[in-house]
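Novice: here is my input; please provide its structure:
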Amino acid sequence: MTLGKQLPQMRTAIPGPKSQAIQATREKNVVKAVSISNTACIVRGEGAVVEDVDGNIMLDFAGGIGVLNMGYSNPEVVQAVKDQADKFFHTMIMSLNYESYISLAEKMNQIVPIDGPVKTMFINSGAEADENAVKIAKTYTKKTDILCFEGAFHGRTSLTMALTSKSKPYKFGFGPFPAGIHRIPYAYCYRCPYGLEYGSCKMRCAERLEEVLHTVVDPDELACVIIEPVLGEGGFVSAPKEFMIALRQICDKYNIVMIADEVQSGFCRTGKMFAMEHYPVKPDIITYAKSIAAGLPLSGLSGKAAIMDAPMVGGLGGTYAGNPLSCVAALKVIEIMQRDNYAQKSVEVGAFLVEGLKKIQKKHPIIGDIRALGGMVAIELVKDPVTKTPAKDETGAIVKECMQNGLNILSTGILGNNIRVLCPLVITNEQMEAALNILEKAIAKTTAK
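Specialist: As a prediction, the model looks like this:
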């Protein structure tokens, strides 16, 4: 049986002796601020499965934090990269043209959910994509300020740290940050910041959008609003349609650029190529990264041509921006996702997981909420389903127990009490069933203490 079809097989505790030795070398040589959640050291991966140096076979529900929607080692992508490597590794798009960058830009302009003529640029990381989007918005509007949301994660540069909500560990000790950034509550219905209930709340959060333009920042100063249609680090919270409609209306009314950060939610993760396709409105700029190139470093942003062309010639770019190897990988990724209907795969993965999680929830009330948009799935763990007190310590213990039994999975959320699922969309039903069994046993063991 190929590695990609296997179920978890644990030969050692995690980490095993060989992984322990590698981790010891890491501790001596790698800065401690680069965190590690699972110290098992993998040697190969295929589909949704990895093998570590000690021979442990594990399911990976982290997926490189959303990078591996297509799974490990897709042979068509591997071959495309090999073919490009035989020709040339790199040249700089600001020095010499190469077709893959231009072809990929053309393809992105065709598939992003943005009206009118669209233009695109590529860089290296999600943070760079968000930062360039803000630069373009400021140039286009000739305004200075930015509106962002609680629970958001936008990156680790100085600007994108400032846009990111959670202080520890992402921002702690790194300030001061750029000025002109204003943060308001996200539409987090399970934990409504206004203490209301969806359906009877009259969309208080949407009302607040208009209020801040009179009480916090004047619209004549506000260049852009940046929003994740599904919070990533914030716990996989999807904004209600009414909230997104109100945001679009405000941007139109006051000449504010609407930026959708789809770094984690893009490329079929939510059951659409982009999460914004779930909404009846469209952004002005969309940023993306992670699964665009199946693991090679690449990010980009696409937007209305008139906005994107605002900066002066030479104002945007980067040495490795849109590397040829990454661009050919991305072209192949998009081809396969469209051909093999990965959006539908995501819908099916999400439905299977949600059904299984609801069964677990009935037996274990520590699961306070189950959230899913396609295959972007999370559970929020609480000490009591009525008070919704965050079960942060229990969440950490459950994650560790899952890892010991062959399921690599991650926690998330501002309160540290969510478990998120970013499994490759090529995962089998049998593998998902095995993962759910591991998760349920971990919950049962943790809550029995």
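
Novice: ok, and what's touching stretch 238-253?
Specialist: 186-187, 189, 198, 203, 205-206, 209-210, 213, 219, 225, 227, 229-230, 256-258, 275, 278-282, 284, 371, 373 (CB atoms under 8 Å, 6 or more residues apart in numbering). Where C-beta positions appear, they are placed from N, C-alpha and C, glycine not excepted.

Novice: out of the residues you listed, which are inside strands?
Specialist: Among the contacts of stretch 238-253, the members found in strands (DSSP state E) are Val225, Ile227, Val257, Met258, Arg371, Leu373.

Novice: do I have it right that the third one meets Ala137?
Specialist: In this case it means Val257. Yes. Between Val257 and Ala137 there is a contact under CB atoms under 8 Å: 3.8 Å.

Novice: list residues touching both of these two?
Specialist: Between them, Val257 and Ala137 share the contacting residues Ala223, Cys224, Asp284, Ile285, Ile307, judged by CB under 8 Å, 6+ apart.

Novice: compare the residues you listed and tell me which is most surrounded.
Specialist: Ile285 (28 neighbours; other CB atoms under 10 Å).

Novice: please name the nearest non-neighbouring residue to that residue.
Specialist: In this structure, Ile285 finds its nearest non-sequential neighbour in Gly303, 3.5 Å apart by CB to CB, 6 or more residues apart in numbering.

Novice: is the one you found located within a strand, as I assumed?
Specialist: Yes. Remark: Gly303 belongs to a strand, assigned using DSSP: H, G, I helix; E, B strand; the rest coil.

Novice: and the closest residue to Cys205 other than its chain neighbours, what is it in contact with?
Specialist: Distances taken as CB to CB, 6+ apart put Ala187 closest to Cys205, at 4.4 Å, once the chain neighbours are dropped. By CB under 8 Å, 6+ apart, the contact list for Ala187 reads Met203, Cys205, Ala206, Val237, Ala239, Pro240, Phe243.

Novice: again with Pro185
Specialist: Pro185 touches Phe149, Glu150, Pro193, Tyr194, Cys205, Arg208, counting by CB under 8 Å, 6+ apart.

Novice: any idea how many residues pack against Gly199?
Specialist: 7.

Novice: and for Met253, the neighbour number?
Specialist: Heads up, residue 253 is Lys, not Met. 11.

Novice: next: the one 4 residues further on.
Specialist: If you count neighbours by other CB under 10 Å, Val257 ends up with 26.

Novice: so who does it touch?
Specialist: So Val257 contacts Ile136, Ala137, Tyr140, Thr141, Ala223, Cys224, Val225, Cys251, Asp284, Ile285, Ile307 (CB under 8 Å, 6+ apart).

Novice: what's the most distant pair in these?
Specialist: Ile136 and Cys251 (14.7 Å; CB to CB).

Novice: so between the two, which is more surrounded?
Specialist: Per other CB under 10 Å, whichever of Ile136 and Cys251 has more neighbours is Ile136, with 26 against 22.

Novice: quick one: secondary structure of that one?
Specialist: Applying three-state DSSP: Ile136 is helix.

Novice: didn't it look like it was pressed against Met312?
Specialist: No. Using CB under 8 Å, Ile136 makes no contact with Met312, being 11.4 Å away.

Novice: need the overlap of contacts for those two.
Specialist: Residues touching both Ile136 and Met312 by CB under 8 Å, 6+ apart: none at all.

Novice: excluding sequence neighbours, find me the nearest residue to the spatially most central residue of the chain.
Specialist: The centre of the chain sits closest to Gln264, judged by CA atoms, centre = their mean, with a distance of 1.8 Å. Closest residue in space to Gln264, ignoring its immediate chain neighbours: Gly232 at 3.9 Å, by CB to CB, 6+ apart.

Novice: could I get the buried residue list for the lowest-mean-pLDDT helix or strand in the chain?
Specialist: Least confident helix or strand of the chain, by mean pLDDT, DSSP states H and E, is helix 204-215 with a mean of 91. The neighbour-count check on helix 204-215 (16 or more other CB atoms under 10 Å) flags Cys205, Ala206, Arg208, Leu209, Val212, Leu213 as buried.
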